[in-house]
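Student: Got a predicted structure here, sequence first:
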Amino acid sequence: MADLWHPIGGICITEAGEKRYLFQYFNVIDFDRVKTGTPWFFNNHLLILQTIPEGVNLTAMDLKFMEFWLQVHDLPPGSMNESMAK
């Protein structure tokens with residue numbers, strides 16, 4: 001991933017349990033650029049990137065949400081509502 005993102009300040013990637021990795025950025029610009037470029041995939045697996053609040057155990061975090069933008073074509077009039085989105 002470091003080869004793909006080309007971080008200016010460098011990055012430290014540490015294995016943090018089963019299917020979990022800790023990405024430490026040493027420059028805020030690098031972190032912002034990676035977060036802006038989501039969603040990211042590696043070997044057909046979605047990378048769920050979240051900031052870890054201070055004092056929170058990484059292994060206890062629930063990583064199951066990711067933002068996506070979708071473009072839908074030919075939606076019938078009146079169908080653009082929350083229940084249709086769900």
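Tutor: Noted; the coordinates are in hand.
Student: can we go C-alpha only for contacts and neighbour counts from here?
Tutor: OK.
Student: Going by secondary structure, the residue positioned nearest the centre of the chain is in what exactly?
Tutor: Residue closest to the average C-alpha location in the chain (Cα atoms, centre = their mean): L49, at 3.2 Å. For L49, there is no enclosing helix or strand under DSSP states H and E.
Student: contacting residues around it?
Tutor: K35 (Cα atoms under 8 Å, 6 or more residues apart in numbering).
Student: beta partners of L46?
Tutor: Note on L46: beta-bridge partners F41, judged by DSSP bridges.
Student: okay, now it: neighbour count?
Tutor: Look at L46: counted by other Cα atoms under 10 Å, it has 12 neighbours.
Student: cool, and I48?
Tutor: 15.
Student: OK, contacts around it?
Tutor: Applying Cα under 8 Å, 6+ apart, the residues near I48 are P39, W40, L63, K64, F65, M66.
Student: Backbone dihedrals for it, please?
Tutor: For I48, the backbone dihedrals (degrees, to the nearest 10) come out as phi -100, psi 110.
Student: now swap in D74 and tell me
Tutor: phi 60, psi 40.
Student: what kind of secondary structure is I13 in?
Tutor: strand (DSSP: H, G, I helix; E, B strand; the rest coil).
Student: Need the per-residue pLDDT for it.
Tutor: We note a pLDDT of 90 for I13 in this prediction.
Student: who touches it in this structure?
Tutor: Y21, L22, F23, Q24.
Student: what about 10 Å?
Tutor: I13 makes contact with M1, A2, Y21, L22, F23, Q24, Y25, according to Cα atoms under 10 Å, 6 or more residues apart in numbering.
Student: what separates the residue located most distally from the centre of the chain from K86, distance-wise?
Tutor: For the chain, the largest distance from the centre (Cα atoms, centre = their mean) belongs to P77, which lies 32.7 Å off. Relative to K86, P77 is positioned 17 Å away (Cα to Cα, to the nearest Å).
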